[in-house]
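J.: this one's structure only:
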């Protein structure tokens with residue numbers, strides 16, 4: 001299972017808790033359509049974006 005699929009399952013599970021009558025298959029399909037437009041990269045807690053230091057330097061100088 002890739003990260004996109006994991007995210008979709010997590011979001012659908014959260015939506016199912018909020019809206020018990022939600023159509024899960026239709027929701028998964030719609031979320032998959034949206035997710036397919038993005039590149040997803042898991043970030044560990046406390047990890048910063050790799051270019052953050054460079055961007056900060058741009059504003060400081």
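T.: Received the coordinates, thanks. Computed from a prediction, not measured in an experiment: that's the story for all the values here.

J.: Please make it C-alpha for all contacts and neighbour counts, starting now.
T.: Fine.

J.: quick one: low-confidence parts of this protein?
T.: 61 (pLDDT under 70).

J.: Tell me where it has helices.
T.: 3-18, 24-35, 52-60 (DSSP state H).

J.: Which one of these lies nearest to residue 44?
T.: When the helices of the chain are compared for distance to residue 44 using C-alpha to C-alpha, the nearest one is helix 3-18, at 13.3 Å.

J.: and that closest one, how far out from the chain's middle?
T.: Chain-centre distance of helix 3-18: 10 Å, with C-alpha atoms, centre = their mean, to the nearest Å.

J.: circling back to that earlier point, now the helices of the chain as JSON lines including distance to residue 45 and mean neighbour count?
T.: Putting the helices of the chain into JSON lines (distance: least, C-alpha to C-alpha, whole Å; neighbours: other C-alpha atoms under 10 Å) gives the following:
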{"stretch": "helix 3-18", "distance to residue 45": "16", "mean neighbour count": "14"}
{"stretch": "helix 24-35", "distance to residue 45": "22", "mean neighbour count": "14"}
{"stretch": "helix 52-60", "distance to residue 45": "15", "mean neighbour count": "9"}
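
J.: okay, those helices in CSV with distance to residue 46 next?
T.: Listed next are the helices of the chain as CSV, based on distance: least, C-alpha to C-alpha, whole Å:
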stretch, distance to residue 46
helix 3-18, 19
helix 24-35, 24
helix 52-60, 13
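
J.: And those helices: which comes nearest residue 41?
T.: Of all the helices of the chain, helix 3-18 sits nearest to residue 41, with 7.5 Å by C-alpha to C-alpha.

J.: Could you check the angle that closest one makes with helix 24-35?
T.: Helix 3-18 runs at 130 degrees relative to helix 24-35, counting by axes from the mean of the first three to the mean of the last three C-alpha atoms, to 10 degrees.

J.: If anything else comes up later, I'll come back, but that's it for now.
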